[in-house]
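Visitor: Return atomic coordinates for the entry below.
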Amino acid sequence: NGGSCRRVRVTTDRTCLAFGDPHFVTFDGTYYAFQGQCEYSLAQGSVSASGGIDFDVRVMGTAGQVTFVRYVSILLPLHGLTVTLSQGGSVQVNGATVSTFPQTVSGLLTVSQSKGLTAVLLIEQDVRIVWDGRAMVGVTVPP
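Guide: Residues are numbered from 1 along each chain as shown. Prediction:
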């Protein structure tokens, strides 16, 4: 909608997606296609009383012959945590590689891997992020 974001309040669990070269489906089901090399916020939200952003899920699109989702960053700015999900299933928390799963970090999030998928659960927010390690990420939020 002209390059701007808009708030969506959900009444049931909703999922937004980025996939392919990249295509996007928003929480309200709107479809977009955007081929560009940039980092952008796929989903962000707040559950804290302070009203600050509790989580921000960002995707990096890489241009070339084909544009695709290169990596996913999950930021918890109030806690100084960044989780990076890279091509091939590599996971880093604040730059340190995670090699054993499931892994709970500071009681704030759990990272797990199974059958080629990486899942991150943001415990307080009950937000679920699933990355296929190649080109698809989904973010599911509760009402």
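Visitor: and residue 35, how many neighbours does it have?
Guide: 13 (other C-beta atoms under 10 Å). Backbone N, C-alpha and C define where each C-beta goes, glycine included.
Visitor: Per-residue pLDDT of it, please?
Guide: You'll see residue 35 listed with a pLDDT of 70.
Visitor: Kindly report the same for residue 77.
Guide: 89.
Visitor: Start at 25, not 1
Guide: Got it, the first residue is 25 from now on, which makes the last one we talked about residue 101.
Visitor: these two touch, right, it and residue 82?
Guide: No. The criterion here is C-beta atoms under 8 Å, and residue 101 misses it with residue 82 at 11.6 Å.
Visitor: out of the two, which sits in the more crowded spot?
Guide: Taking other C-beta under 10 Å, residue 101 and residue 82 do not tie; residue 82 has more neighbours (19 against 13).
Visitor: The more buried one against residue 99, yeah?
Guide: Yes. Residue 82 lies in contact with residue 99 (C-beta under 8 Å); the separation is 6.9 Å.
Visitor: same question for the helix or strand containing residue 107, mean pLDDT?
Guide: Element membership for residue 107, per DSSP states H and E: strand 105-110. Mean per-residue pLDDT for strand 105-110: 94.
Visitor: Also stretch 36-51?
Guide: 87.
Visitor: helix/strand/coil for residue 142?
Guide: strand (DSSP: H, G, I helix; E, B strand; the rest coil).
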